[in-house]
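Participant: One predicted model, sequence on top.
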Amino acid sequence: MSDRQPPAALEALWEARPDVTVPDRARGRPMPADLRDRYGGELTIPLHPDRPTIVANFVQSLDGVVALDRSAGAGGGEISGFFEPDRFVMALLRTLADVVLVGAGTVRAAPDHRWSADHVHPATAAETATWRRTLGLEPQPTTVVVTAAGNLDPRHPGLSTTTVPVVIATTPAGATRLAASGLRPAVRVEVIGEAGHVAAGPLLDLLVRLGARLVLCEGGPHLFAGLLAAGLGDELFLTLAPQLLGRSGTVERLALVEGHAFAATAAPWATLHSARRAGNHLFLRYRPAPATL
């Protein structure tokens, strides 16, 4: 498969009843008609009244693989087959977000990427930009990169572009490394971690200080696991790609949740909110219940 495929609309297979929300506790309305028609319905995300809402977007194979190696050296594009409808959904979610949250591994796995809607789906850049303006949002969501070690290339387009605000959440050691790396002055470095780790609690505090009401987590699976364990994974937009990748003793591959093993009696269950399809890909929207730790 390739990104040369013609655009395809998503087919709504099932949708839960619309949420009962007050206007300032949901994001998405009004959705432009052309985007709504391609998505197969309205995309609206309820917002918490007292903290940022955090939704995640991943694509995985039928057997649960989200990255082709343990270092996340190949990411979602390879898993989806660079499927155009998957990029379209990603662009919609970025359009609604105040912050796109990514780990350092995700940044290194996508050396040419910028975390904006226009970059991932240029064909609808004008429509998504208009939607953001209608919703009263800044022109671009802020990219927040989580890295304990500060191992980032300052020349990465996602860090060096002047059109997208960037904040790096790190540890004292990571900040020291970044200070010597040549980051552009506008990149904000926030020291919120310690002992080689950036925990979910201080990360949430940072997102509050940034004024974020809707945060889109695009991985990787270790970052997502930390959010889930802290009860901060409010929604999961999961694309199921129709391929089987497997693993072996010599070929290790990342699953959706890594670095945290829930007890069977405490693992978060999720409620299906909607199901869509495009070709043989499924687009599932779940709401995980908080883990009982």
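Facilitator: That came in fine, so what should we check first? Numbers count the residues shown, from 1 in each chain.
Participant: From residue 181, how far out is residue 120?
Facilitator: Counting by Cβ to Cβ, to the nearest Å, the separation of residue 120 from residue 181 is 26 Å. C-beta coordinates here come from the backbone N, C-alpha and C atoms, glycine included.
Participant: And these two? Which one has more around it.
Facilitator: Using other Cβ atoms under 10 Å, the more surrounded residue of residue 120 and residue 181 is residue 120, with 23 against 15.
Participant: What segments of the stretch 101-250 of the chain are strands?
Facilitator: Along the stretch 101-250 of the chain, the segments classed as strands by DSSP state E, counting those that start in this stretch run 142-146, 166-170, 188-191, 214-217, 235-241.
Participant: and those as JSON lines, adding distance to residue 157?
Facilitator: As requested, those are exported to JSON lines (distance: least, Cβ to Cβ, whole Å):
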{"stretch": "strand 142-146", "distance to residue 157": "11"}
{"stretch": "strand 166-170", "distance to residue 157": "11"}
{"stretch": "strand 188-191", "distance to residue 157": "18"}
{"stretch": "strand 214-217", "distance to residue 157": "19"}
{"stretch": "strand 235-241", "distance to residue 157": "24"}
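Participant: most neighbours per residue, which of those?
Facilitator: With neighbours defined as mean count of other Cβ atoms under 10 Å, the strands of the stretch 101-250 of the chain peak in mean count at strand 214-217, which reaches a mean of 26.
Participant: Can you tell me the strand partners of that strand and which way each runs?
Facilitator: As defined by DSSP bridges, the strand partners of strand 214-217 come to strand 53-61 (parallel), strand 99-103 (parallel).
Participant: Of those, which is nearest residue 269?
Facilitator: strand 53-61 (15.9 Å; Cβ to Cβ).
Participant: List of residues touching that closest one?
Facilitator: 45-47, 66, 76, 79-80, 83, 86, 89-90, 93, 101, 207, 213-219, 221, 224, 227, 232-241, 243-245, 255-256 (Cβ atoms under 8 Å, 6 or more residues apart in numbering).
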